[in-house]
Each structure stands twice: as C-alpha cells, then as structure tokens.
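Student: Based on what follows, work out the 3D shape:
(one chain, ligands or ions: 1)
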Amino acid sequence: MVILRPTYLINGDVTDIDLHQLKKDGIRGLIFDLDSTLLAPHSGKITPEVAEWLREAREMFEVAIVSNNKRAKYIEEVRVLLQMPIIGHAAKPRRWAFFEILKGFNNIKPSEVAVIGDRPLTDVLGGQRAGMKTVLVWPLKSMSEPKWVTMMRKIERYVIKT
Ligand SMILES: [Mg+2]
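Tutor: As a prediction, the model looks like this:
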C-alpha cells in the first residue's frame, strides 16, 4: 500500500505557502497543478492575490505547471496568460509530465522540486512517485464549491493525517 503523506500540508490556498521556508528547505523548482490551485476551473483568469504571489514565486524558483486538464486550447490560453512551461493531459499520478518538466529546469534534482496541488490522489501521489516533495493546499479562497466536495476534501485530508 502506498502511504500518502504530503511534505507540506497547508491550511490555506496556494498564496498561504511560505516561499522562504521552501527555499530554506532546499527547494529550487515548483511544479503547480492548474485547476483550483492556480486558477478557478474554466476561468482562464488569475486573481490579483495569486498573480502577486506567483510573481514572487518566479523570482525565487523555476516554475511550471502540470495539469490533467485535457482541453488543449485552454492549456494554450493558460500558457500565454501565465508565461511558464505547462503540460496538459498529464494523467497524474503518472510521472512522465513531472520528468518532462524537470528536463527544462536548470540542473535540478527531483528532491529539490515541490509539486503543489489540491488533490491527494493525483498531485500528491504523482509528485511522491516522481521522488519530489509535495505540498497539499486547499482550493483557491476565491472559489466556492458544493458542500459535498468540501466534505470529500476533508475526508481525504483526514485519511492522509492518520
Ligand atoms: Mg486541481
């Protein structure tokens, strides 16, 4: 059985991640999930809070996105919007896309990369399988989800912690 344990469990969304702590811990590259982590699904828009946090993140780290989103046109729009390497249709928790991104990073080892996402079974499991550090976040504060989805997320977190 695979034990799912994110390296960092954040009680907040992506903007609550302490970038200086990651730096101190030897992280040099960040690989983001897209939907619910950086952008509200289908929105194609970034909030000012996330934009500001990302601006700081890209000054300190190499950054890229690995998404399971299959809509090639949307992925292309995001590439233009965020100006960073992005792979869609990644089928996380499969590892190939993480390794593909790593090739573009400047001489960085898997253990120096943090995979950041909102889903344990895709983002955390995938990053863990690739030998990378993992960061589990809540979906963006700007999003509102149905109650049952929030409940499922709480159960997922509970399972991880025990
Ligand atoms: Mg997501």
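
Student: Next to the ion in this structure, residues from the protein, please.
Tutor: D33, D35, S36, T37, D118 (CB under 5 Å from the ion). Using the backbone N, CA and C atoms, a C-beta is placed for each residue, glycine as well.

Student: swap the cut-off to 6 Å and go again
Tutor: Contact residues (CB under 6 Å from the ion) of the chain with the ion: D33, D35, S36, T37, G117, D118, R119.

Student: List the buried residues for the top helix by length along the chain?
Tutor: Ranked by residue count under DSSP state H, the longest helix found in the chain is helix 147-161. Buried residues in helix 147-161, defined by neighbour count with 16 or more other CB atoms under 10 Å: R153, E156, R157.

Student: need the residues of the chain next to the ion in CSV with secondary structure, pLDDT and neighbour count, can you?
Tutor: Listed next are the residues of the chain next to the ion as CSV, based on DSSP: H, G, I helix; E, B strand; the rest coil; pLDDT from 0 to 100; neighbours: other CB atoms under 10 Å:
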residue, secondary structure, pLDDT, neighbour count
D33, coil, 98, 27
D35, strand, 96, 21
S36, coil, 96, 21
T37, coil, 97, 23
G117, strand, 98, 30
D118, coil, 96, 24
R119, coil, 94, 21
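
Student: Which member of those is positioned nearest G26?
Tutor: Minimum separation from G26 among these (CB to CB) is found for G117, which lies at 20.1 Å.

Student: Which residue ranges of the protein form strands?
Tutor: Remark: strands assigned in the chain by DSSP state E are 8-9, 29-32, 62-66, 86-87, 113-117, 133-136.

Student: where's the second one relative to the chain centroid, distance-wise?
Tutor: Think strand 29-32. Relative to its chain's centre, strand 29-32 lies at 7 Å (CA atoms, centre = their mean, to the nearest Å).

Student: Over to the fifth one?
Tutor: When C-alpha coordinates are averaged (CA atoms, centre = their mean), strand 113-117 and its chain have centres 5 Å apart.
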